[in-house]
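Asks: Let me see the structure of the following:
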Amino acid sequence: MAKKLTIKGLFKPKARTPIELVKHMRELLIFVDQNNDVREQKRKEKMEELTKAILEIRTVVYGDDDSEPNKDSCAQLTQEFFRENTFRLLIVCLSKLNLGDRKNATHVIANLQRQKVQSRSIALEYLENNIDIMDILIKGYEDSGDIALSYGAISRECIRHQNIARYVLESDHMKKFFYYIQTPNFDIASDAAATFKELMTRHKSTVAEFLSENYEWFFQEYNSQLLESPNYITKRQAIKLLGDMLLDRSNSDVMVRYVCSLDNMIILMNLLRDPKKTIKLETFQVFKLFVANQNKPPEIVNVLVTNRTKLLRFFNDFTIEKDDEQFEANKAQVINEISVLELKPCNPKMSSLFSFRTNCEVRC
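Replies: As a prediction, this is how the structure comes out:
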């Protein structure tokens, strides 16, 4: 018996090279994509082969319990993966894979986005020449199934590349994100919010350029769709992200423009009245910028002065559960700034302004 096993072992299939692995997976993906009417047994066999191929490729790029990934093998695999559109084919077939295979395929794609071959980003070069793939991925948020989450994870890996992020920022997809973030499906809405945040924070100079050129429509949508959303999570994430954007040094010009708007300050003052303490705290981090602005427009000064008593009462009572010296210092500065403000002549066309915590009219 032992002799038979030894002989059998001699005919054990030779392990595929990284290039052969990708070619094999590509052949299987083509089969899956083009043969919808094949008999069930044949399709099942091919899908099992595809599962194994994806796992083998994952092992090459991530290694396993016994060995670290080999740099040369990763380079060969990366070049082959992007050489003949295997990336696009995998994206197209992703919805036909089971959840486990989709997760492994997504992990592979994430790794390949970061691979360098002789200091070149093969993935970036490929995406720049096949930029329409980003249209497929972002539009995935319009699907109600799990594929939206897979496409979202891949999108975030792709926009690690600045040029790819710029393409998305400059596309019509940006306006649609305000709706994706509010989709009734919580998982999809959360994933869309994560991608949106990545777009608005990763590449500082590109984001600053985008916000400067698209200020009007972007913040109009941001304020009305997100900051004034009835959904607690949407509102909380939006006010936190707004603070991150405005406090980033790269966005200093945008921040100055934002905090010189009375309409924007009114939205923030309304958010300070929110019953949720977390909303109030995140709002305070932005509201303090309006107060700290040394070039406040007269209409902003006058609203703060007119509502001074109520604002000071609010901030004196506004506390957080844990000791935070920075919070207390910021709050003290806001109180001091508001305390010393004086009314200024303002535009006579502005006959009524906002009154904090009341529906009264404030007249210039």
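Asks: Could you use CA atoms for every contact and neighbour count after this?
Replies: OK.
Asks: From residue 332, how far out is residue 326?
Replies: 10 Å (Cα to Cα, to the nearest Å).
Asks: Who has more neighbours out of these two?
Replies: residue 332 (13 against 9; other Cα atoms under 10 Å).
Asks: Ramachandran angles for the more buried one?
Replies: phi -60, psi -40 (degrees, to the nearest 10).
Asks: Let me see the contact set for it.
Replies: Going by Cα atoms under 8 Å, 6 or more residues apart in numbering, residue 332 touches no other residue.
Asks: How about residue 252?
Replies: Applying Cα under 8 Å, 6+ apart to residue 252 gives the contacts residue 246.
Asks: Secondary structure element holding it?
Replies: Following DSSP states H and E, one finds residue 252 within helix 252-259.
Asks: After the helix or strand of the chain with the lowest mean pLDDT, which helix or strand is next? Please name it.
Replies: The weakest-scoring helix or strand in the chain, judged by mean pLDDT, DSSP states H and E, is helix 2-9 (a mean of 51). Next helix or strand after helix 2-9 toward the C-terminus (DSSP H and E): helix 18-34.
Asks: Check the residue nearest to residue 253 when sequence neighbours are not counted and give its pLDDT.
Replies: The shortest distance from residue 253 to any non-neighbouring residue, by Cα to Cα, 6 or more residues apart in numbering, is to residue 212 (7.9 Å). The model reports residue 212 with a pLDDT of 96.
Asks: secondary structure element for residue 212?
Replies: Element membership of residue 212 [criterion: DSSP H and E] is helix 204-213.
Asks: Which positions in that helix come out as buried?
Replies: Within helix 204-213, the residues that count as buried by 16 or more other Cα atoms under 10 Å are 204, 206, 207, 208, 210, 211.
Asks: residue boundaries of the strands in the stretch 251-364 of the chain?
Replies: Counting by DSSP state E, counting those that start in this stretch, no segments of the stretch 251-364 of the chain form strands.
Asks: which stretches of it aren't confidently modelled?
Replies: Residues of the stretch 251-364 of the chain meeting the criterion pLDDT under 70: 346-364.
Asks: rerun that using 80 as the cut-off
Replies: Applying pLDDT under 80 to the stretch 251-364 of the chain flags the ranges 321-324, 346-364.
Asks: circling back: what's the distance between the helix holding residue 212 and the middle of its chain?
Replies: Mean-position distance between helix 204-213 and its chain equals 16 Å (Cα atoms, centre = their mean, to the nearest Å).
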